[in-house]
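Trainee: Return atomic coordinates for the entry below.
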Amino acid sequence: MATATEPASYIGVVLAGGLSSRMGRDKALLSWQGRPLIEHQIALLKSAGAKDVKVSGYRPDYHGICDLIPQAGPVGGIAGVAAVCEDGELLIVPVDMPRLRASLLQRLQNSERDAACVRFADRVLPMRMRLDVQSRGVLNELIVAIDKRARSLRTLQERLGIVEIALSDDESKQLIDCNTEEAWQEATT
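Mentor: Numbers count the residues shown, from 1 in each chain. Presented below is the predicted three-dimensional model:
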């Protein structure tokens, strides 16, 4: 158990199981600062203090954890990781957010400690989520939902009771996700 001066340990999660269809190539393998973006995100979570980092999706080179239900989106990826983890805190980042810094992740991790789920205002990712009986139940319900909108991260967050924290303009610039070639070019220039 963490003390008042020592933050709780947590597991970092890199969501890397998508099809990269809007990008047209595998986002996780895009070169960022001399290495694949997936490696950058793993190192980022470790530098932010994650005791362990899990990768969602079929990524044998990174010990990736396959989704329990294929193509269930990010919620499916989180559910797959949750199935192999003990209860605790998850700090979840997308693979395609190259400008994200450890200090912002630490702020997310250490804010609103009693909340079941925390994200930055008007953003879905990154997020912190308490993994426990309640969240496992919600994940299990959502991954089998027929309506894809019911499997969204927003739905998951709302069901868990999301708390939002404010971002400065500079912090907001770190949260550029690169879903398209145009966004990738913008992030890398």
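Trainee: Now do the closest residue in space to L105 that isn't next to it in sequence, the pLDDT please.
Mentor: Counting by CB to CB, 6 or more residues apart in numbering, L105 lies nearest to A48, which is 3.9 Å off, once chain neighbours are set aside. Any C-beta I mention is one placed from the backbone N, CA and C, and that applies to glycine too. What the model reports for A48 is a pLDDT of 96.
Trainee: quick thing: my sequence starts at 25, can you match it?
Mentor: Fine by me, first position is 25 from now on; the one you just mentioned is A72.
Trainee: residue contacts, A72?
Mentor: The neighbourhood of A72, defined by CB atoms under 8 Å, 6 or more residues apart in numbering, consists of 36, 115, 126-127, 129-130, 133.
Trainee: This protein: helices as residue ranges?
Mentor: For the chain, applying DSSP state H gives helices covering 61-71, 97-106, 126-134, 157-167, 177-184, 193-196, 205-212.
Trainee: Which parts of the shortest one count as buried, going by neighbours?
Mentor: Put plainly, it is helix 193-196. Across helix 193-196, burial judged by 16 or more other CB atoms under 10 Å covers E195.
Trainee: related to what we said a few turns ago, dump the contacts of A72 to JSON lines, plus distance to G42.
Mentor: Below are the contacts of A72 laid out as JSON lines (distance: CB to CB, whole Å):
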{"residue": "G36", "distance to G42": "18"}
{"residue": "L115", "distance to G42": "19"}
{"residue": "A126", "distance to G42": "23"}
{"residue": "S127", "distance to G42": "26"}
{"residue": "L129", "distance to G42": "20"}
{"residue": "Q130", "distance to G42": "26"}
{"residue": "Q133", "distance to G42": "24"}
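Trainee: Out of those, which is nearest to Y82?
Mentor: Closest approach to Y82 among the contacts of A72 (CB to CB): G36, at 18.8 Å.
Trainee: about what we covered before: M151: which of the helices of the chain is closest?
Mentor: Using CB to CB, these put helix 177-184 closest to M151, at 6.7 Å.
Trainee: List the contacts of the residue lying closest to V77 once chain neighbours are set aside.
Mentor: In space, and not counting its chain neighbours, V77 is closest to G36: 4.1 Å by CB to CB, 6+ apart. Residues near G36 by CB under 8 Å, 6+ apart: 66, 69-70, 72, 74, 76-78, 114-117.
Trainee: my guess is I200 meets M121, correct?
Mentor: Yes: with contact defined as CB atoms under 8 Å, I200 reaches M121; the gap is 6.9 Å.
Trainee: which one of those two has more residues nearby?
Mentor: Legend: neighbour count by other CB atoms under 10 Å for I200 and M121, higher for M121 (22 against 16).
Trainee: Excluding chain neighbours, what is closest to the more buried one?
Mentor: In space, M121 comes closest to D201 once its chain neighbours are excluded; the distance is 5.1 Å by CB to CB, 6+ apart.
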